[in-house]
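Undergrad: Would you be able to build a 3D model of this:
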Amino acid sequence: MFEIWAVKPIGKDEPFAMKWLPPGPKHTRQSSGELKHEYMVGKTLDHPSVIKTLDFGTGKDGTFLIMELFKTPNLKQQIHDGVEQLHWRLEEILAAAALSVEYMHKQGWTHRDIKPDNFLVNDENEVRLIDFTLARKIKKGISKLFGNKAPVQGTYSYMAPEQIRGKEVDERADIYSFGCMVYELMCGKLPYTASSSSELLNKHLKARPQPISMLQKNVQPEFANLVHRMLEKDPNDRPDTLMEFYRELKAGRCFHIKPKKPEEKPPEDHDDNV
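TA: Sure, this is the predicted structure:
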C-alpha cells in the first residue's frame, strides 16, 4: 500500500525516510488515517532503538510520513539469509530489541505487530523498532473492564491467543509475539506453521510448539524455558514485562557454546575472457 523513499530536503544534506501513500485508488480515508495514526504514536516515542518519527502531511500529492533513515535490512530478511549468520551476535540484538518494546510499553502503548519484519538491525547490532500502524493505548485499572472488543489485526504467525480472540490486549500480547520471533531466530523456523490461516490461528490457540531443545541443540536450557514461558497461552503465565526477559538474558546466555562469527566469503572470481 505504501512506498518507502529516501528523501533529502532542498538545501540540506541529511536524508530521511519517507513513507508515502500516493494519490490513487489506494489513497482512502482509512489508509491515510493509518499513516496519521502511525505518526501520532511515533512522535511520542524517543528511544535510541525506536525509529524517530519526524513529520506528517497530506494533500493533493498524497499522504506522507517522514522518519529517520536507517538504511539496513530488517531481521526477517536476515533470517532468510540463514539464522546461523545471526547467532554470534543474537544476544546483543535481542537485548536492544527487548528494550525498544519495553520502552514503548512504558509510554503506554502496545505495538500489536511484533515480528522480525519490524526490527531493522545493522552490522553494528544497532536496532530500530518500526511500524506503529496497529499500536493501541494500553488500558489500565478500571478502564480495562469497559474495553471494547479489539479488531483482530496483526500477523498470523506471531499473534497472541487473546489478540486472535479480539480481546483488549496489553504488554503480554507483545511478549508472546516477541517469543515467537526469538523462537524463529533460535531455530530457523516459526513455532507454528500450517497450510491455512485458520489452522495456523487454531495452533496458536491450542497447540504446543516443538521444544526449542529438539531443534537447537546448543540452546541453554534456562533460555529455552524462558522462551517457552513467553509462548504460554494464558497471559498470566508469561513474563510480566520484557524487562524481565532482558534481565534473564543478561544474567545468562542463549547458547551453551557461544557461536563464532562466520567467516566472510571471498568475492567470486570472474574470468573476463568468458
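Undergrad: alpha carbons only for contacts and neighbour counts from here, please
TA: Fine.
Undergrad: What is the neighbour count of the closest residue to residue 180 other than its chain neighbours?
TA: Distances taken as C-alpha to C-alpha, 6 or more residues apart in numbering put residue 158 closest to residue 180, at 5.8 Å, once the chain neighbours are dropped. Look at residue 158: counted by other C-alpha atoms under 10 Å, it has 25 neighbours.
Undergrad: measure residue 158 to residue 250 for me?
TA: For residue 158, the distance to residue 250 under the criterion C-alpha to C-alpha, to the nearest Å works out to 24 Å.
Undergrad: How about residue 236?
TA: Per C-alpha to C-alpha, residue 236 is found 23 Å from residue 250.
Undergrad: same question, residue 243
TA: Per C-alpha to C-alpha, residue 243 is found 10 Å from residue 250.
Undergrad: in stretch 218-231, what's buried?
TA: Residues of stretch 218-231 classed as buried: 218, 219, 220, 223, 224, 226, 227, 228, 229, 230, 231 (neighbour count, 16 or more other C-alpha atoms under 10 Å).
Undergrad: typo on my end, it should be stretch 184-201
TA: Buried residues in stretch 184-201, counted by 16+ other C-alpha under 10 Å: 184, 185, 186, 187, 188, 190, 191, 192, 193, 200, 201.
Undergrad: which ones among the residues you listed are found in strands?
TA: Residues of the buried residues of stretch 184-201 located in strands (DSSP state E): none.
Undergrad: ok, those residues vs residue 99, which is closest?
TA: Set against residue 99, the nearest of those by C-alpha to C-alpha is residue 185 (17.3 Å).
Undergrad: which ones are touching that closest one?
TA: 79, 83, 87 (C-alpha atoms under 8 Å, 6 or more residues apart in numbering).
Undergrad: Isn't residue 223 up against residue 253?
TA: Yes - between residue 223 and residue 253 there is a contact under C-alpha atoms under 8 Å: 6.9 Å.
Undergrad: that older thread, the more surrounded of residue 236 and residue 250?
TA: residue 250 (13 against 9).
Undergrad: That one falls within a strand, correct?
TA: No - going by DSSP: H, G, I helix; E, B strand; the rest coil, the assignment for residue 250 is helix, not a strand.
Undergrad: remind me which residues of the stretch 1-150 of the chain are low pLDDT?
TA: Along the stretch 1-150 of the chain, the model assigns pLDDT under 70 to residues 141-150.
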